[in-house]
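Participant: I'll drop the sequence and a predicted model, then ask my questions.
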Amino acid sequence: MAHAPPTLQDQASKSLVKNELLTISDAECLIRELFPPLFKEANTQSKAEIIKILVEYWPYPCLHVGLLINKPNFQNFQAILDGVDTWLKRKYRPRMCRLQKVDFRGEQHHASLDMQDEREGRDHLVGTMPKKQIVESHSRTRKERLRLFSDLSFMSSLHEDKNQTRLLEWAEERTNFLHLCCEKLEIGAVEVSKVRNVLKSLQPEFIKELELNTVGNLSKLAKLVPFIRKMRNLQKLMLVRTFGTRTFTREERWNISKIISLFCKLSCLQHLTIDDVYFLTDHMTELLRCLEAPLVSLKITLCQLSQSDLESFAQYWNYSQLKHLCLRGVTLTNLDVKPLRDLLRHVAANLETLDLEDCRMDDSHLSTLLPAVIECTQLTSINLYDNDISEDVLEYFLYHTTNLSQLTTEMYPAPSEVYNESKYVVVEIFIQICAELMDKLMDVRQPISVCFGSYSCFDCDDRYLYEDDGDVTLCLCQE
């Protein structure tokens, strides 16, 4: 497809930037519509001085940096900060326009957003605030400071983002003139003191998404709790990879209670992920009871759940709006899954995705869950890979999925009969049995996307796959 020829505006922008013809007096006279294309072009040609001038005289209430350019280099990034700095210090505001927000976040935060539209910056937050907070928020608007938005990541001290480091240093020196706001925050294996200093300078009510990857340090996680409590509009929380022993000291037990109590304060929480976290075993009842807002998604992966943890799923907690449930890598082999069956029945009217991959279930587990699963008529995706299910039970399960007409993605384990005594796949048997199961499923309904997958190969860690169109993918060893 041929590219459209450059417009007269494009050519003028390139010429102005290339020859560095834009001066402060020119910027004062430029029509508003020329600022965005000139800003993009100046970034493309790495003309830092022009970027600085454009920011100084930016004619819109919002400067959506992430919408205009993708990840500016350090020189251009510094030029943006210098331009904002000049704007902050200037007593006379040109064009009677007050710059209200500078946003460094990527394009995903600016879908269908007009450069002149400032409502996105405040209304999207107010919609999630309790009435008391809305009143407090409006009472502060008279002396509103410049708001500067950026996603922040502190996953490792070894790979620091140069732009982020400079931004934090720059913002810390100007706390009297601006608010540093962050909607998505990631915290990993870094010094607690460093993260706490940043958290003190952030506006906690703006944080909507938080990932905590503290790599084994329970005390570090507990030290962050007082700051997380203030994140009153937090919608998504991920606790990732916290390791340790199975026996706790008195201090560790106190830290666990402190962390769990945090959930009572997160009244807007909708999405909870707990991934490879050891200390919540035997504490799921306390955690689920703490949830004030109804969860939309619950993802628990690579965690060890006890029978009491599983029983807490069926007890009363805020599951009325649950649409996504994932227990991937949670071993259920020696557990009674009736509480999980009861939970599935409770959420059957809303549940859209169910992921039970690598739960090491056998025939009895799947048979117990079947009556509840077939009631989940809104399911669009189901994943049962890496469970030890026989051909007869899997066929029986598929036969009873007639009412699951919304399914678009189905992933089922290859039956246990496809493996030899050494637990390797016998290719001919794999193809034959999977083909028979597919035919029997198509007698029941017309699936959209179905795949039968083996356990990962011991040697190459790849799966054998049989798809609904008859395509067979062998592991790398066989290919």
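Facilitator: Nice, thanks for sending it over. Numbering: from 1, shown residues only.
Participant: where does the chain have low pLDDT?
Facilitator: Low-confidence segments of the chain (pLDDT under 70): 1-27, 29, 91-97, 108-143, 157-159, 215-216, 242-247, 479.
Participant: Please report the distance of residue 202 from residue 440.
Facilitator: As defined by C-beta to C-beta, to the nearest Å, residue 202 lies at a distance of 56 Å from residue 440. Where C-beta positions appear, they are placed from N, C-alpha and C, glycine not excepted.
Participant: In terms of neighbours, single out the busier of the two.
Facilitator: When residue 202 and residue 440 are compared on other C-beta atoms under 10 Å, the one with more neighbours turns out to be residue 202, at 20 against 13.
Participant: Name all residues that make contact with the more buried one.
Facilitator: Residues in contact with residue 202 (C-beta atoms under 8 Å, 6 or more residues apart in numbering) are 152, 180, 181, 182, 185.
Participant: Am I right that residue 237 falls within a strand?
Facilitator: Yes - Residue 237: assigned to a strand according to DSSP: H, G, I helix; E, B strand; the rest coil.
Participant: if I read this right, it contacts residue 213, doesn't it?
Facilitator: No - between residue 237 and residue 213 there is no contact under C-beta atoms under 8 Å: 12.0 Å.
Participant: Identify the contacts common to these two.
Facilitator: Contacts common to residue 237 and residue 213, judged by C-beta under 8 Å, 6+ apart, are absent.
Participant: show me what contacts residue 444?
Facilitator: Contacts of residue 444 (C-beta under 8 Å, 6+ apart): 398, 399, 401, 402.
Participant: With neighbour count as extra columns, can I get those residues in CSV?
Facilitator: CSV is the format used below for the contacts of residue 444 (neighbours: other C-beta atoms under 10 Å):
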residue, neighbour count
398, 22
399, 12
401, 19
402, 10
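Participant: which among those gets closest to residue 430?
Facilitator: Closest to residue 430 out of the contacts of residue 444 is residue 398 (16.8 Å), distances taken as C-beta to C-beta.
Participant: element containing that closest one?
Facilitator: Using DSSP states H and E, the element containing residue 398 is helix 391-399.
Participant: Name the residues of the helix or strand following that helix that come out as buried.
Facilitator: Counting by DSSP H and E, the next helix or strand C-terminal to helix 391-399 is strand 409-413. Within strand 409-413, the residues scored as buried using 16 or more other C-beta atoms under 10 Å are 410, 411, 412, 413.
Participant: Show me where the stretch 201-350 of the chain has its helices.
Facilitator: With helices called from DSSP state H, counting those that start in this stretch, the stretch 201-350 of the chain shows them at 218-228, 250-261, 284-290, 307-314, 338-346.
Participant: Residue 384 touches residue 411, doesn't it?
Facilitator: Yes - contact criterion C-beta under 8 Å: residue 384 and residue 411 qualify, at 6.6 Å.
Participant: who touches both of the two?
Facilitator: residue 357.
Participant: Can you tell me the SS state at residue 432?
Facilitator: helix.
Participant: Could you report the distance from it to residue 240?
Facilitator: Residue 432 is 41 Å from residue 240, by C-beta to C-beta.
Participant: more neighbours, those two?
Facilitator: Comparing residue 432 with residue 240 by neighbour count (other C-beta under 10 Å), the higher total belongs to residue 240, at 19 against 14.
Participant: which one among the buried residues of strand 409-413 gets closest to residue 76?
Facilitator: For those, the nearest to residue 76 is residue 411 (44.8 Å; C-beta to C-beta).
Participant: so what's residue 428 up against?
Facilitator: Per C-beta under 8 Å, 6+ apart, neighbours of residue 428: none.
Participant: so where does it fall, helix or strand?
Facilitator: For residue 428, the element it lies in under DSSP H and E is helix 427-444.
Participant: Quick one: name whatever helix or strand follows that helix.
Facilitator: As assigned by DSSP H and E, the chain's next helix or strand after helix 427-444 is strand 450-453.
Participant: List the strands paired with that following strand, with their directions.
Facilitator: Strand pairing for strand 450-453, using DSSP bridges, gives strand 409-413 (parallel), strand 465-467 (antiparallel).
Participant: what's next to it, contact-wise?
Facilitator: Residues contacting strand 450-453 (C-beta under 8 Å, 6+ apart): 385, 410-414, 434, 437-438, 441, 463-468.
Participant: Please repeat the previous calculation with a cut-off of 6 Å.
Facilitator: Here strand 450-453 makes contact (C-beta atoms under 6 Å, 6 or more residues apart in numbering) with 385, 410, 411, 412, 414, 434, 463, 465, 466, 467, 468.
Participant: Which residue ranges make up the domains of the protein?
Facilitator: Per automatic domain parsing, the domain ranges recorded for the chain read 10-107, 120-293, 307-479.
Participant: need the helices of the stretch 201-350 of the chain in CSV with mean neighbour count, can you?
Facilitator: Below are the helices of the stretch 201-350 of the chain laid out as CSV (neighbours: other C-beta under 10 Å):
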stretch, mean neighbour count
helix 218-228, 18
helix 250-261, 15
helix 284-290, 18
helix 307-314, 18
helix 338-346, 19
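Participant: between these, which one is nearest to residue 418?
Facilitator: helix 338-346 (26.3 Å).
Participant: Keeping just the C-alphas, turn the closest one into CSV.
Facilitator: This file holds the C-alpha atoms of helix 338-346, laid out as CSV (Å, rounded to 0.1, in the frame of the first residue of the first chain):
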residue,chain,number,x,y,z
LYS,A,338,-15.8,-29.6,46.5
PRO,A,339,-15.3,-26.1,47.9
LEU,A,340,-13.9,-25.1,44.4
ARG,A,341,-17.0,-26.7,42.8
ASP,A,342,-19.2,-24.6,45.2
LEU,A,343,-17.4,-21.4,44.3
LEU,A,344,-17.8,-22.1,40.6
ARG,A,345,-21.6,-22.6,41.1
HIS,A,346,-21.8,-19.3,43.0
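Participant: counting contacts, what elements does it pack onto?
Facilitator: Judged by 3 or more C-beta pairs under 6 Å, 6 or more residues apart in numbering; DSSP states H and E, helix 338-346 is in contact with helix 307-314, helix 363-373.
Participant: Put the alpha carbons of the helix holding residue 428 into CSV.
Facilitator: In CSV, the C-alpha atoms belonging to helix 427-444 read as follows (Å, rounded to 0.1, in the frame of the first residue of the first chain):
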residue,chain,number,x,y,z
VAL,A,427,2.8,-40.3,18.9
GLU,A,428,0.4,-42.7,17.0
ILE,A,429,-1.8,-43.2,20.1
PHE,A,430,-1.8,-39.4,20.8
ILE,A,431,-3.0,-38.6,17.3
GLN,A,432,-5.6,-41.4,17.3
ILE,A,433,-7.2,-40.7,20.7
CYS,A,434,-7.2,-36.9,20.2
ALA,A,435,-8.8,-37.2,16.8
GLU,A,436,-11.6,-39.4,18.3
LEU,A,437,-12.2,-36.9,21.1
MET,A,438,-12.4,-34.1,18.7
ASP,A,439,-14.9,-35.9,16.6
LYS,A,440,-17.1,-36.7,19.6
LEU,A,441,-16.9,-33.0,20.7
MET,A,442,-18.0,-31.9,17.2
ASP,A,443,-21.0,-34.2,17.5
VAL,A,444,-22.1,-32.2,20.6
